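> Kindly return the folded structure for what I paste below:
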Amino acid sequence: MTIKVGDRLPDVKFKIMGSDGPADLASSDVFKGKKVAFFAVPGAFTPTCHRNHLPGYLEHAAELHAKGVDTIAVTAVNDVFVMNEWKKATGAGDKIVFLADGAAVFAKAIGLDLDATVPGLGIRSKRYAMLVDDGVVKVLNVEDVPSKADASSAVALLKEI
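Sure, this is the predicted structure:
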């Protein structure tokens with residue numbers, strides 16, 4: 001079943017890079033009591049994700065915060081080391097929280113996993129953006145084509161906040 005507006009996000013564990021190395025971060029800790037602009041990409045460093053999707057969230061971070069967003073977070077079905085290197089490469093600093101979903105546990109739990117085994121990428125996440133308020137999905141924009149980042153862009157999400 002695919003998640004929809006009005007649903008509560010499942011409580012699963014993401015991996016983040018902590019000061020002592022990889023650490024678990026429960027999704028409830030990301031979303032509880034916060035308004036979160038949350039987006040997913042099929043893969044860190046892939047062309048659309050790296051050149052289009054994530055840069056828009058960096059560019060519009062101040063506008064998102066001005067509209068009441070507490071946290072901006074991104075997830076991908078990549079390991080925590082790849083996500084940490086992507087964070088460094090983009091210069092995101094503390095503007096975006098990078099959540100590794102290495103085994104696609106979260107993507108599968110919300111029904112937004114993508115089978116990209118034919119092009120050699122394995123199971124990934126569909127490209128989407130959500131506005132989540134205290135763990136409840138308020139806006140959900142899923143891309144029809146994985147190589148597009150229009151409906152799930154920061155600009156599109158800003159229009160719905």
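> Near residue 122, how many other residues are there?
12 (other C-beta atoms under 10 Å). Where you see a C-beta, it was placed from the backbone N, CA and C, and this is true even at glycine.
> ok, now the one 4 residues further on?
The criterion is other C-beta under 10 Å. On that basis, residue 126 has 20 neighbouring residues.
> Equivalent analysis for residue 107, please.
Counted with other C-beta under 10 Å, the neighbours of residue 107 add up to 23.
> can you tell me the average pLDDT over whatever helix or strand it lives in?
Following DSSP states H and E, one finds residue 107 within helix 105-109. The pLDDT scores in helix 105-109 average 96.
> Please apply the same query to stretch 45-55.
72.
> that older thread, what is the helix holding residue 107 packed up against?
If contacts are counted by 3 or more C-beta pairs under 8 Å, 6 or more residues apart in numbering; DSSP states H and E, helix 105-109 sits against strand 122-125.
> Quick check: buried residues in the strand it packs on?
For strand 122-125, burial by neighbour count (16 or more other C-beta atoms under 10 Å) applies to 124, 125.
> try stretch 87-100
Neighbour counts over stretch 87-100 (16+ other C-beta under 10 Å) mark 87, 90, 92, 95, 96, 97, 98, 99, 100 as buried.
> so how far is it from its chain's centroid?
Relative to the chain's own centre, stretch 87-100 is displaced by 11 Å; criterion: C-alpha atoms, centre = their mean, to the nearest Å.
> now do stretch 8-16
11 Å.
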